[in-house]
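In: pasted the sequence and its predicted model underneath.
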Number of protein chains: 2
Amino acid sequence: MTVRNALDVHPLDVEKVRERIDVALTTFLDDQDARLADLMPGPANSSRRAQAMTSLREFLAGGKRLRPAFCYWGWRGAGGGPDGDEITAAAAALELLHAFALIHDDIMDGSDLRRGAPALHRRHAAVHAEHGWRGTSDAFGVGVAILLGDLCLGWFHELMDGSGLPADRLRAARPLLFDGYVELIAGQYLDLCEQTRARSSVERARTVIRYKTAKYTIERPLHLGGRLAGAGADLMAAYSAYALPLGEAFQLRDDLLGAFGDPAVTGKPVGDDLRSGKATVLMAMTHERAGRGPAAELRRLLDLPDVNDAAVERMQSIILESGAATAVEDLIRRQAEAAARVVDTMAVADEVRTVLGELVVAATDRRY
Amino acid sequence: MTVRNALDVHPLDVEKVRERIDVALTTFLDDQDARLADLMPGPANSSRRAQAMTSLREFLAGGKRLRPAFCYWGWRGAGGGPDGDEITAAAAALELLHAFALIHDDIMDGSDLRRGAPALHRRHAAVHAEHGWRGTSDAFGVGVAILLGDLCLGWFHELMDGSGLPADRLRAARPLLFDGYVELIAGQYLDLCEQTRARSSVERARTVIRYKTAKYTIERPLHLGGRLAGAGADLMAAYSAYALPLGEAFQLRDDLLGAFGDPAVTGKPVGDDLRSGKATVLMAMTHERAGRGPAAELRRLLDLPDVNDAAVERMQSIILESGAATAVEDLIRRQAEAAARVVDTMAVADEVRTVLGELVVAATDRRY
């Protein structure tokens, strides 16, 4: 596995937290295995159940635990104790929410790969085809993946609620979960709509990543950890001031990797976003900056039924020549600097400040 | 609209409860409209947002409110007061859970129609096609429907949590929600798996309807209402003894309607379950009872790529000649009687007993 981990920049604390989050997830999934075995007894069901659970465990094993990490450090920044299993379980729940989001996202995008392996709907379609079962393999794969995503979403609520944190703290935090969830769905919907437009806009593409990434991946997890530890309004505002530019920079790095990343480290085909016609900020900037000829050529290439390697290379050239890639790099640098400046004056313990500072680097300077 | 309502058998209380549940839902959806308008401002988004919300409102308007009704009467049976807006809101939340389940179910089943109108994924595919938007209409329709289902699931938790019921009662009830949810997903998964088998079994088909219908539609809503009102173990056990046979009878009636129902009252094509090859108890019983020749013919007809009216008629004959339809009618009668006997001795107020008794009739003696 050549994929580096966004969280292994600070080997002591950060790695320890990651391990504890993995333990919390594994313990929860073991319990769920037993529960599902009770619900679906009998030999006819057991191999089906095992297939579904194994695919979910393998899917979850590949996560970077970025959202749990921000939740945990948001808690620590607000004075939460370092060693409670309760906050670890609550933070781990965000990884289940994320699994839900990715599984459904891959269906919606028609993505074949995720984390270097077949997306869940493809994996279960392949199982169906291998066994020569009755019905359509693709429909079966999509059905199983919809259900596994749904299951993860239910488990997110359940693990959070059963984390062992005090009931009043959980209750105070729940409106954040609801707001964050609706933002996530709104971001997905706007993204889906954006794909249907002949021409995207930088402004609209930035709105999508604000919801889908900046708030969902960084701001809401930090807020959740903060609220669970009883953070005041000033700290919550500082978390937002840090999270929103950093989250945008994180997604813009993803855009660049989606267009130019090395398949050996991204786990996806080169130019994956270009092949799927994803309406990224990078692409919107290219449309704005490229001359009339290259812009028209880009649109034509995006609309090809099968985007081959030559088309990807040509699109990469148009993006580079338009200056959009440089503009995105500039924006990443400015947003990362803005986040770093907030960290400097944030009223948190030095240890937390160090980690949040290093997460700026990890989130924006990555190769995968 | 010729569709009768399962809840209009007891015109005074039952109708009043239904109206209050509709008000709670409408109020909640109005709030969500405003929230989504804040999240997705601008003219480019507003028509998209309106399209999605209108489709959801129309979808929700068609519901029978059966699960909210059982929740409400479960509350009343446990001594909960008749007029609180809090229990009405909590009960109404179940209609959002149900919308989630149906929307995703229709995608998984590839159903074109729901409640006499295009299923949500078909409706949004048609919007895409009409506007000649970029990309694939079917994929867009499925994407929007997945998100609208997801949204309803989030709103279910939010409306329940914000119902205004005391925090300790909600907290006590939450494990029921989690258990019920996992049962629902397990039932859906088993159902999906059952469709892939060359031959279903009566036992497996009955397990599916136990989770998908008996527990989900009747037992869990009754338990939820009961738990919210502080019901003791005896009453909860009586609710189960009533709900499980009644729920099975309810679904078996659905099976018969799915094979023989009048399209004018079901809102679906005649023999809809036969066309889609649904693995119902009725079908499993037919496979068990029919002779070798008719059973083989039935399997051949079910596997046709396009099941036409003549094939539906022939399948109906095979089901009738096998005696399976009569056996299902017998089972419905026995299960309805079992539920009715439980009502007779249930320790609830007379008014509640009357309604629960009438709901047995409404749920099992319906034409749609």
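Out: On my side now, so go ahead.
In: quick one: the residue nearest to residue A:278 when sequence neighbours are not counted from residue A:283, how far?
Out: Distance criterion C-beta to C-beta, 6 or more residues apart in numbering or on different chains; nearest residue to residue A:278, sequence neighbours excluded, is residue A:258 at 6.6 Å. For the C-beta atoms, the positions are set from N, CA and C on the backbone; glycine is no exception. Separation of residue A:258 from residue A:283 (C-beta to C-beta, to the nearest Å): 10 Å.
In: those two: who's more crowded?
Out: Neighbours per residue (other C-beta atoms under 10 Å in any protein chain shown) separate residue A:258 from residue A:283, with residue A:283 holding more: 26 against 22.
In: show me what contacts that one?
Out: A:200, A:205, A:255, A:273, A:319, A:324 (C-beta atoms under 8 Å, 6 or more residues apart in numbering or on different chains).
In: give me the common contacts of residue A:258 and residue A:283.
Out: residue A:273.
In: a markdown table for the contacts of residue A:283, including neighbour count and pLDDT?
Out: Rendered in a markdown table, the data for the contacts of residue A:283 read as follows (neighbours: other C-beta atoms under 10 Å in any protein chain shown; pLDDT from 0 to 100):
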| residue | neighbour count | pLDDT |
| --- | --- | --- |
| A:200 | 21 | 80 |
| A:205 | 24 | 92 |
| A:255 | 24 | 92 |
| A:273 | 23 | 88 |
| A:319 | 26 | 96 |
| A:324 | 26 | 96 |
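In: between those residues, which is closest to chain B?
Out: Distance to chain B across the contacts of residue A:283 (C-beta to the nearest C-beta) is lowest for residue A:200, with 10.2 Å.
In: now do the SS call for the closest one.
Out: Following DSSP: H, G, I helix; E, B strand; the rest coil, the label given to residue A:200 is coil.
In: pLDDT weak spots in chain A?
Out: Judged by pLDDT under 70, chain A has its weakly predicted residues at A:1-12, A:367-368.
In: all strands for it, in order.
Out: Assigned by DSSP state E, chain A shows strands spanning A:113-114, A:117-118.
In: which residues touch the first one?
Out: Under the contact criterion C-beta under 8 Å, 6+ apart, strand A:113-114 has outside partners A:59, A:62, A:102, A:106, A:119-120, A:122, A:267-269, A:272.
In: out of the contacts of residue A:283, which touch chain B?
Out: With C-beta under 8 Å from any C-beta of the partner chain as the criterion, the contacts of residue A:283 include none near chain B.
In: in helices, which of those fall?
Out: Judged by DSSP state H, helices contain the following of the contacts of residue A:283: A:205, A:255, A:273, A:319, A:324.
In: got the residues of the stretch 1-150 of chain A near chain B?
Out: So the stretch 1-150 of chain A meets chain B at A:32, A:35-36, A:39-40, A:42, A:44-45, A:48, A:52, A:104, A:107-108, A:110, A:128, A:133-135, A:139-140, A:142-144, A:146-147, A:150 (C-beta under 8 Å from any C-beta).
In: buried subset of the residues you listed?
Out: Among the residues of the stretch 1-150 of chain A next to chain B, those classed as buried by 16 or more other C-beta atoms under 10 Å in any protein chain shown are A:32, A:36, A:39-40, A:44-45, A:48, A:52, A:104, A:107-108, A:110, A:128, A:133-135, A:139-140, A:142-144, A:146-147, A:150.
In: where's the closest residue to residue A:62 other than its chain neighbours relative to chain B, distance?
Out: Using C-beta to C-beta, 6+ apart and skipping residues adjacent in sequence, the residue nearest residue A:62 is residue A:115, 3.9 Å away. Note on residue A:115: its distance to chain B, by C-beta to the nearest C-beta, to the nearest Å, is 20 Å.
In: OK, contacts around residue A:115?
Out: Counting by C-beta under 8 Å, 6+ apart, residue A:115 touches A:59, A:62-63, A:267.
In: at 10 Å what do you get?
Out: Residues near residue A:115 by C-beta atoms under 10 Å, 6 or more residues apart in numbering or on different chains: A:3, A:58-59, A:61-64, A:102, A:266-268, A:368.
In: check residue A:78 too.
Out: Contacts of residue A:78 (C-beta under 10 Å, 6+ apart): A:222-223, A:225-232, A:235-236, A:239, A:347-348, A:352.
In: which phi and psi does it have?
Out: Residue A:78 adopts backbone torsions of phi -90, psi 10, taken as degrees, to the nearest 10.
In: what of residue A:232?
Out: Note on residue A:232: its backbone torsions stand at phi -80, psi 180 [degrees, to the nearest 10].
In: right, and it touches residue A:347 too?
Out: Yes - contact status for residue A:232 versus residue A:347: in contact at 9.2 Å, counting by C-beta atoms under 10 Å.
In: what about the spatially closest residue to residue A:98 that is not a sequence neighbour, distance to residue A:224?
Out: Computed as C-beta to C-beta, 6+ apart, the closest residue to residue A:98 that is not its neighbour in sequence is residue A:67, at 5.6 Å. Look at residue A:67 and residue A:224: by C-beta to C-beta, they are 9 Å apart.
In: for chain B, see how far away residue A:248 is.
Out: 17 Å.
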